[in-house]
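1. Okay, predicted coordinates and the sequence, questions at the end:
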Amino acid sequence: MTLPADPAAETDTTLARGEGIALWRQIAAELERGITKGALGPGSRLPTEAALATRHGVNRHTVRRALESLAARGLLRIEQGRGSFVAEDVVDYPLGPRTRFSEVIRAQNREPEGRILRVSEAPAAAAVAEALRLPPGRPVLTVERLGLADGRPVVLGLHHFPLPRFAGLGAALEGHGSITRALALSGLPDYRRAWTRLTARLPTAEEATLLRQARARPVMLAEALSVDPAGRPIDFTLSRYAAGRVQVIVEGGGAEA
C-alpha cells in the first residue's frame with residue numbers, strides 16, 4: 001500500500017519552532033500518532049524523505065533522523081532503495097528439534113519462499129570443521145539461502161554440508177529453495193538440530209541489502225548444527241534473522257535451520 005501525498009491530512013503538521021523540542025522529535029511523534037491511530041496501516045509506504053521535508057519545511061537530514069528513530073523502535077522498517085514502511089506484525093519463529101521454515105510460515109497464514117543465492121565448494125573454516133567433525137580445510141558444500149514470508153525477507157542462512165556425502169545437493173536444489181526437500185532428494189528424509197547458539201550484531205552492507213533493513217538495526221544470529229538420525233553432523237548453519245520482523249522462540253531440544 002502506498003500512502004497519498006498527505007498521509008495524515010487530519011493532523012496539524014505545524015511544527016513548534018524555538019520551543020526547545022527538536023524538530024525531528026516532533027516529526028517522529030506525528031508519524032507515531034498516525035501509526036497508533038491507524039491512519040498509517042501495517043505495510044504502508046511513507047512519502048519520500050524529500051516529500052516529508054517539503055511538507056514540514058525542514059531539511060532531509062531532519063526527516064531521516066525522525067524515520068531512523070522510529071525504525072530503531074520497531075515502528076518502521078527502512079528498505080534500502082525502496083523507502084520507509086510501517087512495520088507489520090512480526091513472524092513467530094520457533095526453534096524446535098524439527099522446525100521447518102515452510103511449515104512455520106504457512107502455520108501463520110503467510111506464504112513461504114526460499115531463494116538460493118549461492119552454491120559453491122570451499123575449505124571448511126575452523127569453526128565449521130569443528131562442528132562437522134572434519135579436519136580443518138576439508139572441502140564443504142556451502143549454500144546461501146534467503147527465506148521470505150509474504151515476499152518479505154526474514155532470514156538469511158549460510159549452510160555448510162560435508163563432502164562428498166552431499167556432493168549432489170546443489171543439483172537437488174535446482175528449481176526450488178527448500179533445503180529440507182533437497183536433503184530428502186539426496187537420501188536424507190529426516191534430520192534434527194542438535195544445538196543452537198544465539199547472539200546478535202549489526203549487519204554487513206550485503207546482509208542489510210538482502211534483508212531490506214537499515215544497517216543500524218541489529219540482526220539476530222543463530223549458529224546451529226543439524227544431525228542425521230544416527231547423530232552424524234550434516235549441516236552447520238549461520239542464520240541471520242531480520243530482528244524487526246522475526247521473534248525467535250526457543251523450544252526445548254533445539255531446532256532445524
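-> Great, that's in hand.
2. How many residues are close by E174?
-> Using other C-beta atoms under 10 Å, the number of residues around E174 comes to 9. Bear in mind the C-beta positions are built from the backbone N, C-alpha and C, glycine included.
3. Just confirm it is within a helix.
-> No. Counting by DSSP: H, G, I helix; E, B strand; the rest coil, one finds E174 to be coil, located in no helix.
4. quick one: it from R73, how far?
-> Look at E174 and R73: by C-beta to C-beta, to the nearest Å, they are 42 Å apart.
5. where along the stretch 1-150 of the chain do the strands fall?
-> Here the stretch 1-150 of the chain has its strands, by DSSP state E, counting those that start in this stretch, at 76-79, 83-86, 91-95, 112-123, 139-149.
6. Just send those back as JSON lines, with mean pLDDT too.
-> Listed next are the strands of the stretch 1-150 of the chain as JSON lines, based on pLDDT from 0 to 100:
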{"stretch": "strand 76-79", "mean pLDDT": "82"}
{"stretch": "strand 83-86", "mean pLDDT": "89"}
{"stretch": "strand 91-95", "mean pLDDT": "86"}
{"stretch": "strand 112-123", "mean pLDDT": "95"}
{"stretch": "strand 139-149", "mean pLDDT": "96"}
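7. Make TSV from those and add distance to L46 and mean neighbour count to it.
-> Listed next are the strands of the stretch 1-150 of the chain as TSV, based on distance: least, C-beta to C-beta, whole Å; neighbours: other C-beta atoms under 10 Å:
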stretch	distance to L46	mean neighbour count
strand 76-79	7	22
strand 83-86	4	21
strand 91-95	22	19
strand 112-123	25	15
strand 139-149	22	21
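8. CSV for the ones you listed, including distance to P233?
-> Listed next are the strands of the stretch 1-150 of the chain as CSV, based on distance: least, C-beta to C-beta, whole Å:
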stretch, distance to P233
strand 76-79, 35
strand 83-86, 39
strand 91-95, 18
strand 112-123, 17
strand 139-149, 11
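9. Quick one: closest of those strands to R45.
-> Among the strands of the stretch 1-150 of the chain, strand 83-86 comes nearest to R45, with 5.4 Å by C-beta to C-beta.
10. Against which helices or strands is the closest one packed?
-> Contact partners of strand 83-86 among helices and strands, from 3 or more C-beta pairs under 8 Å, 6 or more residues apart in numbering; DSSP states H and E: strand 76-79.
11. who does the strand it packs on pair up with?
-> Taking DSSP bridges as the criterion, strand 76-79 sits next to strand 83-86 (antiparallel) in its sheet.
12. contact partners of the strand it pairs with?
-> Outside strand 83-86, the residues that touch it by C-beta atoms under 8 Å, 6 or more residues apart in numbering are 35, 40-46, 48, 67, 71, 75-79.
13. Which one of these is nearest to E88?
-> Once C-beta to C-beta is applied, the member of those that ends up nearest E88 is P42, at 4.4 Å.
14. Got the phi and psi for the closest one?
-> Main-chain torsions, P42, degrees, to the nearest 10: phi -50, psi 130.
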